[in-house]
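1. please find the sequence and the predicted model below.
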Amino acid sequence: MFRIENFESIYNLIEKNDKVLSQKELALSRIRYALNPDYLFLMSKYLILDKRYYQSIDALLGSLKLDKDEFFLVKNNFEASKEELITKKIQVIGELFNIIGNKELSIEASKVTSTEERNNYVDKLSKLMPGVKLKKN
């Protein structure tokens, strides 16, 4: 699911609810991958363990935005997430909106089936959540 091998083991730690080891591994990866879309997904999953749902949504939205920003990806020698992971991001963000009580955005996430719908959904979230912005360098 991940383009970076180490990320699979971090994901497995998070899925096992191992907060201590997953936090340690995320911290070690942060220097090199802090804005990598896959890293941001892992960070969002970790934040869910801490019940920091709004921050998790922010990390997922940032991750989805970076997946679309070809210039940023090339400049930083990153690749967009695999399609399987992008689909998972939409699923997780939908689950998070359900947890915080935003049923409308949760239902919309569950209806995303194409790249165009995904882009429209991310654009809508970007307008609704203007605080989640990417720096233009």
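-> Nice, thanks for sending it over.
2. surely Leu49 touches Asn17?
-> Yes - using C-beta atoms under 8 Å, Leu49 makes contact with Asn17 at a distance of 6.2 Å. For every residue, glycine as well, the C-beta is placed using N, CA and C.
3. pLDDT weak spots in the chain?
-> Regions of the chain meeting the criterion pLDDT under 70 cover residues 131-137.
4. all helices for it, in order.
-> All helices of the chain, identified by DSSP state H, fall at 5-15, 19-33, 37-49, 53-68, 70-75, 83-99, 103-110, 115-128.
5. and those, which is most packed in?
-> Ranked by mean neighbour count under mean count of other C-beta atoms under 10 Å, the helices of the chain are led by helix 37-49, which reaches a mean of 23.
6. can I have that helix written out in PDB, keeping just the CAs?
-> Extracted C-alpha coordinates of helix 37-49, given in PDB (Å, rounded to 0.1, in the frame of the first residue of the first chain):
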ATOM      1  CA  PRO A  37       1.600  12.300   1.500                       C
ATOM      2  CA  ASP A  38       2.000   8.700   2.800                       C
ATOM      3  CA  TYR A  39       3.700  10.000   6.000                       C
ATOM      4  CA  LEU A  40       0.900  12.400   6.600                       C
ATOM      5  CA  PHE A  41      -1.600   9.500   6.300                       C
ATOM      6  CA  LEU A  42       0.400   7.600   8.900                       C
ATOM      7  CA  MET A  43       0.400  10.700  11.200                       C
ATOM      8  CA  SER A  44      -3.400  11.000  10.800                       C
ATOM      9  CA  LYS A  45      -3.800   7.400  11.800                       C
ATOM     10  CA  TYR A  46      -1.600   8.000  14.800                       C
ATOM     11  CA  LEU A  47      -3.600  11.000  15.800                       C
ATOM     12  CA  ILE A  48      -6.700   8.900  15.800                       C
ATOM     13  CA  LEU A  49      -5.100   6.700  18.400                       C
END
